[in-house]
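Undergrad: Compute the structure for the input listed below.
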Amino acid sequence: MTLDHVVDDSGEHAIDLLAVEDALGELGRLHERQVRVVELRFFGGLTIPETAEVLGVSTGTIDNDWSMARAWLTCRLGGGFRP
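TA: Residues are numbered from 1 along each chain as shown. Predicted structure coming up:
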C-alpha cells in the first residue's frame, strides 16, 4: 500500500504522520524487525515476499510481523492507522 492511497486531500483517510513516526519509535523499542517490516511494506510498497527477501527471513515471519505491527499501531494510534 502506498502513502498516496492512505493520505488524500479529503482527509477521510488521512493519518498524522508525526504520530505514526512516534508510534514507530515506540514499537522499535519493543520489536525492531516489525518496524522494518512497516517501513518496507507501508512506506516502501514492498510485497511480503520482497520484504522477506530484504530482511532474510521467511514470508511467514513477515506475515506475522506485519499483522502484529498493524494491530499494535492501530491500537496505539486509536484506529488511525489502516494500511
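Undergrad: So what's the residue count around the closest residue to residue 59 other than its chain neighbours?
TA: Excluding its sequence neighbours, the residue lying closest to residue 59 (C-beta to C-beta, 6 or more residues apart in numbering) is residue 52, at 4.6 Å. To be clear about C-beta, it is placed using only N, CA and C from the backbone, and glycine gets the same treatment. Counted with other C-beta atoms under 10 Å, residues neighbouring residue 52 total 20.
Undergrad: CA-only coordinates of the strand or helix carrying residue 52, as PDB, when you get a sec.
TA: Secondary-structure element containing residue 52, defined by DSSP states H and E: helix 48-55. Presented in PDB, the C-alpha positions along helix 48-55 are these (Å, rounded to 0.1, in the frame of the first residue of the first chain):
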ATOM      1  CA  ILE A  48       5.500  -9.800   1.700                       C
ATOM      2  CA  PRO A  49       7.900 -11.900  -0.400                       C
ATOM      3  CA  GLU A  50      10.000  -8.900  -1.300                       C
ATOM      4  CA  THR A  51      10.200  -7.800   2.400                       C
ATOM      5  CA  ALA A  52      11.100 -11.400   3.400                       C
ATOM      6  CA  GLU A  53      14.000 -11.400   0.900                       C
ATOM      7  CA  VAL A  54      15.300  -8.000   2.000                       C
ATOM      8  CA  LEU A  55      15.200  -9.000   5.700                       C
END
